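Novice: Fold the following, please.
(2 chains)
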There are 2 protein chains.
Amino acid sequence: MTQFDNVSVIKKANVYFDGRCISHAVIFADGTRKTLGVILPSTLLFTTQAAEIMEITAGHCRVRQAGSETWTDYKGGSSFDVPANSSFDIETIETLDYVCHFA
Amino acid sequence: MTQFDNVSVIKKANVYFDGRCISHAVIFADGTRKTLGVILPSTLLFTTQAAEIMEITAGHCRVRQAGSETWTDYKGGSSFDVPANSSFDIETIETLDYVCHFA
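Specialist: Numbers count the residues shown, from 1 in each chain, chains lettered A, B, ... in the order given. Predicted coordinates:
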């Protein structure tokens, strides 16, 4: 699925880390909210409030979850879960397109 | 209007100028296509194929159209037209949220 259909999109973007991460909120017919974004090549530390699923739709990154010493590779077509009130390091090797789903 | 309703959004972003400009295509129920994007602080030269209307929804920039020596300021709530097969210089002073409408 290359697009979301029958959604609302908030015009104002969320700009994080001096623009290395830019996302737009997308709201679905059932009220579900996701964010659709891009992460440029960088190494960043993200923190979560709600639990989330990061779906990588294109690009390449390595991720280290809080409390772990292991970096795991993710490419387009893969995803990873992040617990609530946690964090992860993400090294983006090739610009990411992602969808963040809130659990 | 802070959001687009009942639209489709292409998941893959358009990334220009090393990420200084990032946009997503939005498709409306009548088939109209617009792009919703962000331009980070920078000075860039954009070229057009189709004529377009650049609607600035937030931020601050100065624009010089091809063949002009005049820079014009635009802030959130304003817009400018660009002819087909033309170009414009844009100095983004404060990160822009924009909608590009194709004429």
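Novice: what's A:Ser79 in contact with, if anything?
Specialist: Residues in contact with A:Ser79 (CB atoms under 8 Å, 6 or more residues apart in numbering or on different chains) are A:53-56. Using the backbone N, CA and C atoms, a C-beta is placed for each residue, glycine as well.
Novice: Considering these, which possesses the most neighbours?
Specialist: Greatest neighbour count in the contacts of A:Ser79, by other CB atoms under 10 Å in any protein chain shown, goes to A:Met54: 24 neighbours.
Novice: Need phi/psi at it.
Specialist: phi -100, psi 110 (degrees, to the nearest 10).
Novice: Please flag which of the contacts of A:Ser79 sit within helices.
Specialist: Judged by DSSP state H, those include no members of helices.
Novice: Just give me the closest of those to A:Asp89.
Specialist: The shortest gap between A:Asp89 and any of the contacts of A:Ser79 belongs to A:Met54, at 12.7 Å (CB to CB).
Novice: What spatial separation is found between that closest one and B:Val99?
Specialist: As judged by CB to CB, to the nearest Å, A:Met54 and B:Val99 stand 27 Å apart.
Novice: helix/strand/coil for A:Asp30?
Specialist: Secondary structure, DSSP: H, G, I helix; E, B strand; the rest coil: A:Asp30 is coil.
Novice: Where does A:Leu96 fall, secondary structure wise?
Specialist: When elements are assigned from DSSP states H and E, A:Leu96 belongs to strand A:87-102.
Novice: so does that strand get close to chain B?
Specialist: Yes. Part of strand A:87-102 sits near chain B under the criterion CB under 8 Å from any CB of the partner chain, namely A:95, A:97, A:99.
Novice: Can you tell me, leaving aside adjacent residues, what's nearest to A:Ser42?
Specialist: Excluding the flanking residues, the one nearest A:Ser42 by CB to CB, 6 or more residues apart in numbering or on different chains is A:Arg20, at 4.4 Å.
Novice: Model confidence for the one you found, exactly?
Specialist: pLDDT recorded at A:Arg20 is 98.
Novice: repeat for A:Cys100
Specialist: The model's pLDDT for A:Cys100 equals 98.
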